[in-house]
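In: dropping a prediction and its sequence here:
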Amino acid sequence: LRRLLPASADIPSSFELAGHVAHLNLRDEALPFKHVIGQVLLDKNPAVRTVVNKLSSIDTQFRTFPLEVIAGDDDLDVELRESGARFRFNYREVYWNSRLQMEHARLVRLIPAGATVCDMMAGVGPFAVPLAMKGCTVYANDLNPASHRYLVENARLNKMQRRVHAFNMDGRDFVRRLRDEGKPFDYVVMNLPQTAVEFLDVFHGLYHDTPTPAKLPTIFVYGFSDADDTVADMKQQAERYLGGPLPPAVTAHDVRHVSPKKHMLCLGFELPRDVACAPPRSAAAAPAP
């Protein structure tokens with residue numbers, strides 16, 4: 001590329017690979033050369049058949065973003081393997097980040113076989129399907145209808161349809177539905193880093209007027225922080241939306257650097273009984289988003 005492009009051009013140093021699709025985030029100064037960059041990437045990587053560039057930021061509601069095909073086939077129907085599972089989806093319709101492969105595997109290892117898991121923002125199933133494959137029962141939910149459709153397909157593709165119970169609804173309503181239907185769970189996965197911490201408010205008073213499980217679930221919530229002390233900041237965010245203090249035993253895992261000052265983290269903690277059984281907060285007391 002340095003031989004083909006002007007010396008002043010910003011040349012991408014890496015790309016994300018999802019099946020046969022290579023995903024670039026080109027800076028503005030590289031856009032005039034996007035087709036050359038895409039073609040070189042195709043020529044140098046035999047596994048790549050399609051090269052896309054992200055046009056704008058992620059849509060918060062469905063975690064999708066507009067893409068432009070800059071080289072190769074206009075084919076975004078992807079099939080890939082991760083954590084021993086097969087996944088199919090349309091890359092344009094859902095959120096998938098191959099850079100999170102190690103994090104998916106880490107959490108799947110942490111949750112024991114036979115556990116019951118509430119996956120509140122399940123996407124196409126990167127946690128739900130491998131967990132089911134190790135013997136867990138997974139109640140998996142996603143608000144995006146396309147993600148839900150592929151979640152169902154991926155459970156079936158891996159013969160896990162009896163262990164993955166898929167839902168397509170708001171995350172808070174999903175948790176309340178499991179409670180109302182008497183479906184307890186041992187673990188909660190909240191993998192929507194931009195806003196997942198806000199959904200912790202559903203656990204405040206969740207069991208105020210209903211029988212409380214003997215053991216409350218362990219929650220894994222993902223979030224972003226650009227504070228000097230990212231762990232302290234994530235804990236403060238969690239306590240704000242929970243409406244009470246976290247327990248002393250909290251794990252904090254630095255998943256990756258999104259940018260030089262912005263980190264993606266995962267907090268793990270057992271839902272405090274005082275929070276779960278507390279009276280519901282008034283609208284005035286609830287934290288603003």
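Out: Structure received. Residues are numbered from 1 along each chain as shown.
In: for His257, see how far away the closest residue to Lys261 other than its chain neighbours is.
Out: Nearest non-adjacent residue to Lys261, counting by CB to CB, 6 or more residues apart in numbering: Asp226, 4.8 Å away. The C-beta positions use only the backbone N, C-alpha and C, and glycine is treated the same way. Remark: distance between Asp226 and His257 (CB to CB, to the nearest Å) = 10 Å.
In: hey, where'd the strands end up in the chain?
Out: Counting by DSSP state E, the chain has strands at residues 16-18, 21-24, 50-54, 67-72, 77-82, 85-90, 116-119, 137-141, 164-167, 187-190, 218-225, 251-259, 262-270.
In: among these, which comes closest to Gly244?
Out: Among the strands of the chain, strand 262-270 comes nearest to Gly244, with 11.5 Å by CB to CB.
In: in its sheet, what does the closest one sit against?
Out: If you go by DSSP bridges, strand 262-270 pairs up with strand 218-225 (antiparallel), strand 251-259 (antiparallel).
In: between Asp226 and His257, what contacts are shared?
Out: Common neighbours of Asp226 and His257 are listed as His263 (criterion: CB atoms under 8 Å, 6 or more residues apart in numbering).
In: which residues sit in contact with Asp186?
Out: Contacts for Asp186 (CB under 8 Å, 6+ apart) come out as Ala115, Thr116, Val117, Lys215, Pro217, Thr218.
In: for it, which non-adjacent residue is spatially closest?
Out: Nearest one to Asp186, counting by CB to CB, 6+ apart, is Ala115 at 4.4 Å.
In: coming back round to it: who wins for most neighbours among the contacts of Asp186?
Out: For the contacts of Asp186, neighbours were counted using other CB atoms under 10 Å, and Val117 has the most, 27 neighbours in all.
In: sorry, back to before: which phi and psi does the residue nearest to Asp186 have?
Out: Dihedral angles of Ala115 (phi, psi; degrees, to the nearest 10) stand at phi -70, psi 160.
In: quick check: it touching Tyr139?
Out: No: Ala115 is not in contact with Tyr139 according to CB atoms under 8 Å; the separation is 11.6 Å.
In: what's the lowest-pLDDT member of the contacts of Asp186?
Out: Within those, pLDDT reaches its minimum at Lys215, with 94.
In: how near is it to Leu42?
Out: Distance, Lys215 to Leu42, by CB to CB: 52 Å.
In: for the residue nearest to the spatial centre of the chain, what are its contacts?
Out: Centroid check for the chain by CA atoms, centre = their mean gives Asn191 as the closest residue, at 3.6 Å. By CB under 8 Å, 6+ apart, Asn191 lies in contact with Asp119, Met121, Ala122, Gly123, Phe127, Tyr222.
In: distance-wise, check Leu24 relative to Ile37.
Out: Note on Leu24: its distance to Ile37, by CB to CB, is 7 Å.
In: what residue ranges in the chain score low on pLDDT?
Out: 1-13, 57-62, 282-289 (pLDDT under 70).
In: adding neighbour count and distance to Gly171, write the contacts of Asn191 out as a markdown table.
Out: Formatted as a markdown table, the contacts of Asn191 follow (neighbours: other CB atoms under 10 Å; distance: CB to CB, whole Å):
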| residue | neighbour count | distance to Gly171 |
| --- | --- | --- |
| Asp119 | 32 | 10 |
| Met121 | 24 | 6 |
| Ala122 | 30 | 10 |
| Gly123 | 25 | 12 |
| Phe127 | 27 | 14 |
| Tyr222 | 23 | 13 |
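In: ok, of the residues you listed, which one's closest to Gly243?
Out: Ranked by distance to Gly243 (CB to CB), the contacts of Asn191 are led by Tyr222 at 19.7 Å.
In: my guess is that closest one contacts Leu192, does it?
Out: Yes: in this structure, Tyr222 is within contact of Leu192 by CB under 8 Å, at 7.0 Å.
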